[in-house]
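Q: Below: sequence and its predicted model.
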Amino acid sequence: MNKGFGKHSVFIISILLTVIFIVWGGLFTSSFTSVTNAIYTFMINNLGWVYLGSAFFLVIFAVYLLFSRYGHIKLGKDNEKPEFKTGSWLAMLFGAGMGVGIVYWGVAEPVTHYTNPPYGEGFTDSAANVAMKFSFFHWGLQPWGIYTVIGLALAYFQFKKGLPAAISSIFYPVLKERIYGPIGKTIDIISVFATVFGIATSLGLGAMQISAGLHAIFGLPDTTAIQMTVIGAGTILFIISISTGLEKGIQFLSNAAIILSFLIMFLVLILGPTSIIFETFFTSLGSYLNDFVEMSLRLTPFTDNAWVGDWTLFYWAWWIAWCPFVGMFIARISKGRTIREFVIGVLVVPTLGTCAWFAVFGGAALDLVQNASNPGLANDIASNVSLSVFTFFDYLPASGVLTAVGFAVVLIYYITVADTSSFVLGMLSERGNLDPSVKIKVTWGIVQAASAAVLLLAGGENALNVLQTASLVSAFPFIFVLLFMCWALLKALREELEEEKAVKKKAS
């Protein structure tokens, strides 16, 4: 292997693997769909416990780090201060971690669970409470716990130990110099591959919702052709944004998305059933925390577990597939913060934020569904998930304003996710380069867009199912990387404290 290929081997192999899947899905759609569905079914029926147990463990590990003796350790030099203000830091990590998904599912998930709950009868008061509890669960501690562990590990080894910003660097305490060889590169390739399809899922969902927004606002047909046009136009926009760099383009877009998100939340809170929304937040949060352990380990071994596979296992796989990208990005913007500050900022604050979002949108939507003069509203929302938030706005005052702002939020989140993911994939495939070349970022941007387009085309009317399947299948190998990562991080933190004690003893 020559030096040039060796330097870019992670990038080249990752691109080749992704292109193979794009070609397979684009030209041999029937084969692609049947094989991925078979793998998906096998994983749901036989390996669902791996996803559930791993996600639960990572939350427990993140909470342990928050209260552990390692909390004071700084992610960087002892005298370094955070690069970004706390507000911008939280905005960027929230935008990368949830992005367009939270807008897509904010109304759709609670209403869908209300009509088809995991247990009990639908269209009941009990179903409404269960719907909100599981919406909090799917978007709460598990995703942010996964992001916390990988982001913290990356930031620690990158800024404290001076290692490359690569997933393989986390394993230095165990692998030592072998992280620069085939083992380390294999870890990085697995990370890139999982990330591409996790992001493609989000871009596909975003394209579906933007298409629905164009239909709601301008009356354009909500078709696959329009979704392809959205992906193409979005690709051009985020390629322009890429050229402005992290401090300008991505920070500006993240701040704009958060400001508009707060605006639309405030408008729905005021225009909707305000007291019901507050009651929903506190009641659902209490129910979620009370039943957290039971929900975290819930499978249905003696009955049909299709609901768990379609929802909980899909989400856990989606978060795992996303986590190399989100973790790398959060690590990149978190230099100078302590471990305790990092865990609070990445685990606790965003969890409360996502719960608030679902309380506002889901609570208002469920109240509207239960009291609507049109009894078919719930079915309308559940039958067209992409259009659900815009359907919901039609039943509120100032619906035109809400629809316009909501569409802007979806569009900005879409560009932000595409932008940040291209940046991170560039870092991953350039062995931790903190400022990857524009050429590589643009390449990954185009590849991501093509992946999302192929998954949508392969799915047709069942595009959402294909997106879910791709995420779950691609994420599985990375689960073991995450678990191994916890051991390596804990080993390094213990050595860090021993070094601190030795220095203090020598000084005294």
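A: Here it is on my side, so go on.
Q: give me the number of residues near W311?
A: W311 has 20 neighbours, counted by other CB atoms under 10 Å. Quick note: C-beta positions are derived from backbone N, CA and C, even for glycine.
Q: May I have the phi/psi pair for it?
A: Here is the backbone geometry of W311 (degrees, to the nearest 10): phi -110, psi -70.
Q: quick one, what contacts it?
A: By CB atoms under 8 Å, 6 or more residues apart in numbering, W311 lies in contact with 118, 134, 138.
Q: Now render those residues as CSV, adding pLDDT, secondary structure and neighbour count.
A: Converted to CSV, those look like this (pLDDT from 0 to 100; DSSP: H, G, I helix; E, B strand; the rest coil; neighbours: other CB atoms under 10 Å):
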residue, pLDDT, secondary structure, neighbour count
P118, 92, coil, 19
F134, 97, helix, 24
H138, 97, helix, 22
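Q: After the helix or strand V424 falls within, which helix or strand is next?
A: In the assignment (DSSP states H and E), V424 maps to helix 399-429. Following helix 399-429 in sequence order, the next helix or strand is helix 438-459 (DSSP H and E).
Q: now the angle between helix 399-429 and that next one, please.
A: Interaxial angle, helix 438-459 versus helix 399-429 (axes from the mean of the first three to the mean of the last three CA atoms, to 10 degrees): 120 degrees.
Q: Pull out the buried residues from helix 438-459.
A: Neighbour-count burial for helix 438-459 flags 440-445, 447-459 (criterion: 16 or more other CB atoms under 10 Å).
Q: May I have it exported as PDB, CA atoms only?
A: Provided in PDB are the C-alpha atoms of helix 438-459 (Å, rounded to 0.1, in the frame of the first residue of the first chain):
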ATOM      1  CA  VAL A 438     -13.600  21.300   1.200                       C
ATOM      2  CA  LYS A 439     -13.200  18.700  -1.500                       C
ATOM      3  CA  ILE A 440     -13.800  15.800   0.900                       C
ATOM      4  CA  LYS A 441     -16.700  17.600   2.700                       C
ATOM      5  CA  VAL A 442     -18.400  18.200  -0.700                       C
ATOM      6  CA  THR A 443     -17.800  14.600  -1.700                       C
ATOM      7  CA  TRP A 444     -19.400  13.300   1.400                       C
ATOM      8  CA  GLY A 445     -22.300  15.800   1.000                       C
ATOM      9  CA  ILE A 446     -23.000  14.400  -2.400                       C
ATOM     10  CA  VAL A 447     -22.700  10.800  -1.300                       C
ATOM     11  CA  GLN A 448     -25.100  11.400   1.700                       C
ATOM     12  CA  ALA A 449     -27.600  13.000  -0.600                       C
ATOM     13  CA  ALA A 450     -27.300  10.100  -3.100                       C
ATOM     14  CA  SER A 451     -27.800   7.600  -0.300                       C
ATOM     15  CA  ALA A 452     -30.900   9.400   1.000                       C
ATOM     16  CA  ALA A 453     -32.300   9.500  -2.600                       C
ATOM     17  CA  VAL A 454     -31.700   5.800  -3.200                       C
ATOM     18  CA  LEU A 455     -33.300   4.800   0.000                       C
ATOM     19  CA  LEU A 456     -36.400   6.900  -0.800                       C
ATOM     20  CA  LEU A 457     -36.500   5.500  -4.400                       C
ATOM     21  CA  ALA A 458     -36.100   2.000  -3.100                       C
ATOM     22  CA  GLY A 459     -39.000   2.400  -0.600                       C
END
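Q: ok, back up a step: with distance to W307 added, can I get the contacts of W311 in CSV?
A: Output for the contacts of W311, formatted as CSV (distance: CB to CB, whole Å):
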residue, distance to W307
P118, 5
F134, 10
H138, 12
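Q: Am I right that A165 sits in a helix?
A: No - using DSSP: H, G, I helix; E, B strand; the rest coil, the assignment for A165 is coil, not a helix.
Q: which element is A216 on?
A: Judged by DSSP H and E, A216 forms part of helix 182-218.
Q: Of the contacts of W311, which is the nearest to F61?
A: Closest approach to F61 among those (CB to CB): H138, at 19.7 Å.
Q: which ones are touching that closest one?
A: 109, 311-312, 315.
Q: Same question for D188.
A: 10, 166-168, 428-429, 431.
Q: can you pick the most crowded of these?
A: Going by other CB under 10 Å, I167 tops those with 31 neighbours.
Q: how far away is it from A321?
A: Separation of I167 from A321 (CB to CB, to the nearest Å): 13 Å.
Q: hang on, F123 packs against T115?
A: Yes - at 6.5 Å, F123 counts as touching T115 under the criterion of CB atoms under 8 Å.
Q: residues bridging contact with those two, i.e. touching both?
A: A378.
Q: Can you give me the buried ones in stretch 300-314?
A: 305, 307-314.
Q: Can I get those residues in CSV including secondary structure and pLDDT?
A: Below are those laid out as CSV (DSSP: H, G, I helix; E, B strand; the rest coil; pLDDT from 0 to 100):
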residue, secondary structure, pLDDT
N305, coil, 63
W307, helix, 90
V308, helix, 90
G309, helix, 85
D310, helix, 85
W311, helix, 91
T312, helix, 93
L313, helix, 89
F314, helix, 83
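Q: Mind pulling the model confidence for C486?
A: Note on C486: pLDDT of 96.
Q: The nearest residue to Y119 once chain neighbours are set aside: which element?
A: Distance criterion CB to CB, 6 or more residues apart in numbering; nearest residue to Y119, sequence neighbours excluded, is V130 at 7.3 Å. Using DSSP H and E, V130 sits within helix 125-139.
Q: What's the mean pLDDT across the following helix or strand past that helix?
A: The helix or strand immediately downstream of helix 125-139 is helix 141-155, counting by DSSP H and E. The average pLDDT for helix 141-155 rounds to 96.
Q: do the same with stretch 37-46
A: For stretch 37-46, the mean confidence score works out to 83.
Q: Tell me which residues are up against stretch 447-458.
A: Contacts of stretch 447-458 (CB under 8 Å, 6+ apart): 15, 18-19, 21-22, 25-26, 29, 32-33, 196-197, 199-201, 203-204, 207-208, 224, 227-228, 231-232, 234-235, 418, 421-422, 425, 463, 466-467, 470.
Q: What is the distance between that stretch and the centre of its chain?
A: Distance, stretch centre to chain centre, for stretch 447-458: 18 Å (CA atoms, centre = their mean, to the nearest Å).
Q: quick one: pLDDT of V405?
A: 90.
Q: For it, which residues are in contact?
A: Counted by CB under 8 Å, 6+ apart, V405 has contacts 260, 263-264, 267.
Q: Kindly report the same for I102.
A: So I102 contacts 139, 354, 357 (CB under 8 Å, 6+ apart).
Q: So which of those wins on neighbours?
A: Neighbour-wise, the contacts of I102 (other CB under 10 Å) top out at W139, 26 neighbours.
Q: Just the CA coordinates for the helix or strand that contains M328, please, in CSV.
A: For M328, the host element (DSSP H and E) is helix 314-332. Written as CSV, here are the backbone C-alpha positions of helix 314-332 (Å, rounded to 0.1, in the frame of the first residue of the first chain):
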residue,chain,number,x,y,z
PHE,A,314,-35.6,1.6,15.3
TYR,A,315,-34.9,4.7,17.4
TRP,A,316,-32.1,3.0,19.3
ALA,A,317,-30.5,1.9,16.0
TRP,A,318,-31.0,5.4,14.6
TRP,A,319,-29.3,7.0,17.5
ILE,A,320,-26.4,4.5,17.4
ALA,A,321,-26.0,5.1,13.7
TRP,A,322,-26.0,8.8,14.3
CYS,A,323,-23.7,8.8,17.3
PRO,A,324,-20.3,8.8,15.5
PHE,A,325,-21.4,11.9,13.6
VAL,A,326,-23.0,13.7,16.6
GLY,A,327,-20.4,12.6,19.0
MET,A,328,-17.6,13.8,16.8
PHE,A,329,-19.3,17.2,16.3
ILE,A,330,-20.1,17.7,20.0
ALA,A,331,-16.5,16.8,20.9
ARG,A,332,-15.3,19.3,18.3
